[in-house]
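>>> here are the coordinates; sequence isn't available:
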Ligand SMILES: Nc1ncnc2c1ncn2[C@@H]1O[C@H](COP(=O)(O)OP(=O)(O)OP(=O)(O)O)[C@@H](O)[C@H]1O
Ligand SMILES: [Mg+2]
């Protein structure tokens, strides 16, 4: 994309830097020693990363976060895509009502379901497990809604052609609908992944064992490192933050170019 | 046993008017059936019911003698070419053609070989790796044909498969389809707007209007003995002329009917003639290739006549007398439009005065 106007280019650059500045600042800060930072000197050290990964177990938290967010994304997408296909292509008794119920879940704040979910999982003995982190998040009303709208935009004639070619409904979903919904599914996947990555309240409630902490819980705990002192080791916090945001950033850059491309050209005349 | 039997099929879309009003047909194995009718008369709807894409609630559909109303499309052994192609946009031409074979678990080597040979027949070889988005309308249509042809189904449904091709390709493909039909021995049900296609391809033609089956018969019968005015006017180009019998001079037949005659049955005269004829004035002459169409205005309305090239052409504004061959006219009820099997007697056998006396 080429902006025709140099003014637009400058504006975009300034806006970009503005949005990026906190990230850049925190990355810069993560390489300072605490002393240097508080005394206003400039320094360069890996101490904070070594501390975060070694002493404060962030490597483990990173693995936990990847496992939990990854599973939530994969299972969530599978569930949402199947639901979206059913809602987009089939009418059955109560299908509208059911879809209304799915949409209605978007209007319920997650905090309201926090305690019921906690009680349910406690009964099922799933607190302090990966399953306890993953299961409540896999049903995603928004993803089902969004993907249903997208699938409705795919000409039904393509499904019909596949049926005539001998496909079963699942084959139609797998071979026609999903490939054509790739941009929407990837966008949704990214959205689910980031939401889950940033999820704080639920892991906080559902997890007590330190070895199951996700990055966000670990990060929050850094503020309570030394209860007696009121000085927070900001460079350490920033190193931990960088560890927290970097995987998401890399993931986004990898997926981003797949998001926009449409694929509907040439299906029907 | 018939390949496909339709018994009083009715169809209406939810909340809409009725589209099909009781269609019954009996189609034999290996028959080539062409369905024609004006736009919106329910041709595609009928094909969709046969394919199983829309439920068939009223009436009965039998495939190979077995009730198939509730059989899902993938179990019907029917291939379909859609009016709007419906190619898979994420697959290449080759993949599009081979997809049906893949779903039927044909081994990879064999299905690619089959797909390639089909593509060759359809002159698609140089586009095999393209996606449908990068093809022209005619090329897409051929891919759609290829997708159905690659599988050998017992029945093919084709919804205007040649509508987007240029003339040369259309004629070539027409032959190709005919050949294919002969080779596979498959039952083909083919929808078209093009009457040349209809008459040249069909073993039997079904003429539809507003969801009613008007006539279902061989091309000869449809052309020579249409059951009513609609069928008579729908097939044949230029269309059949209709005039009230009273407007024909020297008309020897029954009174108060409509008389239909094809433009080929008229001959042009520069002066009044004896025998049934109509006086008219030339409005326009049109060349169509081998023949000219002469459009005239008469007191019975617009008429068209066909004149072979080489014959002397009248000029615009000339007064002419169109004489008609009584053996080539059809009689229709003036109100219902149903064709009447009346003997049309030549004037020489029934003197004019005699007609006047009896009338
Ligand atoms: N899904 C639908 N819902 C309601 N009405 C429909 C639907 N599909 C078709 N129709 C109506 O049914 C009638 C017949 O449509 P159909 O597509 O069978 O016509 P056709 O004979 O194939 O016409 P054409 O030659 O233009 O393709 C039309 O009046 C159309 O408006
Ligand atoms: Mg149609």
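Structure's in. What do you need? Values in this document were obtained by computation on a predicted structure and should not be read as measured data. Ligands and ions are numbered 1, 2, ... in the order given.
>>> For the residue of the stretch 151-269 of chain A found nearest ligand 2, which non-adjacent residue is spatially closest?
Relative to ligand 2, the nearest point of the stretch 151-269 of chain A is residue A:157 (12.1 Å; C-beta to the ion). Just so you know, the C-beta spots here come from the backbone N, C-alpha and C atoms, and that holds for glycine as well. Leaving aside its chain neighbours, residue A:157 sits nearest to residue B:86 (3.8 Å; criterion: C-beta to C-beta, 6 or more residues apart in numbering or on different chains).
>>> now swap in residue B:88 and tell me
Per C-beta to C-beta, 6+ apart, closest to residue B:88 is residue B:96, 5.5 Å.
>>> Now tell me what touches the strand or helix carrying the one you found from outside.
Element membership for residue B:96 (DSSP states H and E) is helix B:93-103. By C-beta atoms under 8 Å, 6 or more residues apart in numbering or on different chains, the surrounding residues in contact with helix B:93-103 are A:162, A:164-167, A:171, A:175, B:79, B:87-88, B:91, B:108, B:110-112, B:114-116, B:118-119, B:124, B:127-132, B:135, B:143, B:146-148, B:150-151.
>>> doesn't residue B:251 make contact with residue B:326?
No: under the criterion of C-beta atoms under 8 Å, residue B:326 makes no contact with residue B:251, lying 9.1 Å away.
>>> Same drill for these two, tell me which one is more crowded.
The neighbour count for residue B:326 versus residue B:251, taken as other C-beta atoms under 10 Å in any protein chain shown, is higher for residue B:251 (26 against 22).
>>> Kindly provide the distance from that one to ligand 1.
According to C-beta to the nearest ligand atom, to the nearest Å, residue B:251 and ligand 1 sit 37 Å apart.
>>> Let's see the pLDDT reported for that residue.
The model reports residue B:251 with a pLDDT of 83.
>>> wait, isn't it in contact with residue B:261?
No: using C-beta under 8 Å, residue B:251 makes no contact with residue B:261, being 11.7 Å away.
>>> So is stretch B:138-157 next to ligand 1?
No: judged by C-beta under 6 Å from any ligand atom, stretch B:138-157 makes no contact with ligand 1; its nearest approach is 11.9 Å.
>>> Any buried residues in that stretch, and which?
Of all the residues in stretch B:138-157, those buried under the rule 16 or more other C-beta atoms under 10 Å in any protein chain shown are B:139-151, B:153-157.
>>> can you tell if it touches ligand 2?
No: using C-beta under 5 Å from the ion, stretch B:138-157 stays clear of ligand 2, with a minimum separation of 11.4 Å.
>>> Can you tell me the number of residues neighbouring the residue nearest to residue A:157?
Residue B:86: 26 neighbours (other C-beta under 10 Å).
>>> Give me the secondary structure label for it.
What DSSP: H, G, I helix; E, B strand; the rest coil gives for residue B:86 is coil.
>>> Now do it, the pLDDT please.
At residue B:86, pLDDT is 92.
>>> picking that back up, quickly find the element holding the residue of the stretch 151-269 of chain A closest to ligand 2.
Using DSSP H and E, the element containing residue A:157 is helix A:156-164.
>>> Which neighbouring elements make contact with the helix or strand just after that helix?
Next helix or strand after helix A:156-164 toward the C-terminus (DSSP H and E): helix A:169-172. Contact here means 3 or more C-beta pairs under 8 Å, 6 or more residues apart in numbering or on different chains; DSSP states H and E; on that basis helix A:169-172 packs against helix A:156-164.
>>> packing partners for the helix it packs on?
Against helix A:156-164 (3+ C-beta pairs under 8 Å, 6+ apart) you get helix A:169-172, strand B:78-81, helix B:93-103.
>>> Same list (the ones you listed) but as CSV, adding mean pLDDT, mean neighbour count and distance to residue B:304.
Listed next are these as CSV, based on pLDDT from 0 to 100; neighbours: other C-beta atoms under 10 Å in any protein chain shown; distance: least, C-beta to C-beta, whole Å:
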stretch, mean pLDDT, mean neighbour count, distance to residue B:304
helix A:169-172, 95, 16, 51
strand B:78-81, 92, 26, 34
helix B:93-103, 95, 24, 44
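>>> closest to ligand 1 out of those?
Comparing those against ligand 1 with C-beta to the nearest ligand atom, the closest turns out to be strand B:78-81 (13.1 Å).
>>> so what pLDDT did the closest residue to residue B:269 other than its chain neighbours get?
Of all residues not flanking residue B:269 in the chain, residue B:321 sits nearest, at 4.3 Å (C-beta to C-beta, 6+ apart). On pLDDT, residue B:321 comes in at 92.
>>> Residue B:321: what's it in contact with?
Residues in contact with residue B:321 (C-beta under 8 Å, 6+ apart) are B:268-273, B:277-280.
>>> Quick check on the residues you listed: which are buried?
Applying 16+ other C-beta under 10 Å to these flags B:268, B:277-280 as buried.
>>> Tally up the residues packed near residue A:136, please.
21.
>>> pretty sure it is in a strand, no?
No: under three-state DSSP, residue A:136 sits outside any strand and is assigned helix.
>>> Surely it touches residue A:121?
Yes: counting by C-beta under 8 Å, residue A:136 does reach residue A:121; the two are 7.1 Å apart.
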